[in-house]
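here is a sequence together with a model predicted from it:
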Amino acid sequence: MLTVDFAGEAIEVDGGAPFTVGRDGDLAITDNPYLHRRFLEFRRDDHIWWLTNLGTQITATVDDSASGLHSWLAPGARMPIVNGTTSIRFTAGPTIYELLVTLDDAPGEFEPTVVVDDDGTETLGRLRLTDDQRLMLVVLAESALRHGMGGMADIPSAAAGAQRVGWTQKKFEKKIDNVCDRLASAGVRGLKGDLGNQAVSRRVRLVEYAVSTRLISSDDLTLLDGPHAVDEP
């Protein structure tokens, strides 16, 4: 269940149909002629809640307190909502608005990542990636790394990602499985279980975690320019 709180009024959205915000939206803000008739849309698709900017002029600012994510949702863009509490701000004419969005049983709540050192000592820190694992993540997250989290809508399929680096799809999917298993063992939610059984949902969650925790960064995009091992058929 998704809850949208505006000016102290909490509206529960069950995901059965898209929920819109605007002058003529399900959440109607009727007293501002500068606001689009339909500006924001919340839609549940493939077990993921998506936020879409339906407007043509106004950009929304999205803040996620759990992950520290701060991004801009431009007109026509969309992004997933995966954490428990998200703040959405936008300006229409002279007025600034804020929506507080909460998601029950959010798959993306962050837990500390545990790193096991060579001597067996467990410490909190960043996951150590192999070269292939890092390349796989960069392929999945390329759009988000280049364009911000609004690029989360352009995460490639495993088949497309494998083709990008000259791997077999089986190898690419195995790299996803390995990283998801390691992160899940370290306490990261949303990569195993009900959500993890959905391939699209798992890739979205994996990219969101990897980018927002800086497991990978835009500096890693140079990996896409290098030679990649091509698997034999």
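Everything's here; your move.

can you name the next helix or strand after the lowest-mean-pLDDT helix or strand in the chain?
Every helix and strand of the chain was ranked by mean pLDDT, DSSP states H and E. The lowest is strand 122-124, at a mean of 38. The C-terminal neighbour of strand 122-124 among helices and strands, as given by DSSP states H and E, is helix 131-147.

what about that next one, distance to the chain center?
Chain-centre distance of helix 131-147: 13 Å, with CA atoms, centre = their mean, to the nearest Å.

restrict that helix to CA atoms and write it as CSV.
Extracted as CSV, the C-alpha positions of helix 131-147 are listed here (Å, rounded to 0.1, in the frame of the first residue of the first chain):
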residue,chain,number,x,y,z
ASP,A,131,35.9,-6.9,-12.3
ASP,A,132,33.1,-8.8,-14.0
GLN,A,133,30.6,-8.0,-11.3
ARG,A,134,31.4,-4.3,-11.5
LEU,A,135,31.1,-4.3,-15.3
MET,A,136,27.7,-6.0,-15.0
LEU,A,137,26.5,-3.3,-12.6
VAL,A,138,27.7,-0.5,-14.8
VAL,A,139,25.9,-2.0,-17.8
LEU,A,140,22.6,-2.1,-15.8
ALA,A,141,23.1,1.3,-14.2
GLU,A,142,24.5,3.2,-17.2
SER,A,143,21.4,5.4,-17.8
ALA,A,144,21.1,6.2,-14.0
LEU,A,145,24.8,7.0,-13.8
ARG,A,146,24.6,9.3,-16.9
HIS,A,147,21.2,10.9,-16.2
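
can you name every helix or strand that whichever helix or strand comes after it contacts?
Counting by DSSP H and E, the next helix or strand C-terminal to helix 131-147 is helix 158-165. Using 3 or more CB pairs under 8 Å, 6 or more residues apart in numbering; DSSP states H and E, the elements in contact with helix 158-165 are helix 131-147, helix 169-185. Placement of C-beta: from N, CA and C, glycine included.

can you tell me which of those helices is most buried?
helix 131-147 (a mean of 21; mean count of other CB atoms under 10 Å).

specify the angle between it and helix 169-185 in degrees.
Using axes from the mean of the first three to the mean of the last three CA atoms, to 10 degrees, the inter-axis angle of helix 131-147 relative to helix 169-185 is 80 degrees.

and helix 131-147, what does it pack against?
Applying 3+ CB pairs under 8 Å, 6+ apart, one finds that helix 131-147 makes contact with helix 158-165, helix 169-185, helix 199-212.

give me the contacts around it.
Here helix 131-147 makes contact (CB atoms under 8 Å, 6 or more residues apart in numbering) with 129, 151-156, 161, 164-165, 172, 175-176, 178-179, 203, 206-208, 210-211, 215-218, 220-221, 223-224, 228.

pLDDT below threshold where in the chain?
65-70, 105-126, 149-152, 187, 189-190, 192-198, 227-233 (pLDDT under 70).

contacts only, for residue 15.
Taking CB under 8 Å, 6+ apart as the test, what residue 15 contacts is 1-2, 43-44, 49.

centroid-nearest residue for this protein?
Centroid-nearest residue in the chain, with CA atoms, centre = their mean: residue 208, separated by 4.0 Å.

circling back to that earlier point, select, out of the helices and strands packed on helix 131-147, the one closest to residue 96.
Closest approach to residue 96 among the helices and strands packed on helix 131-147 is made by helix 199-212 (24.8 Å; CB to CB).

so which bits of that closest one are buried?
Of all the residues in helix 199-212, those buried under the rule 16 or more other CB atoms under 10 Å are 201-212.
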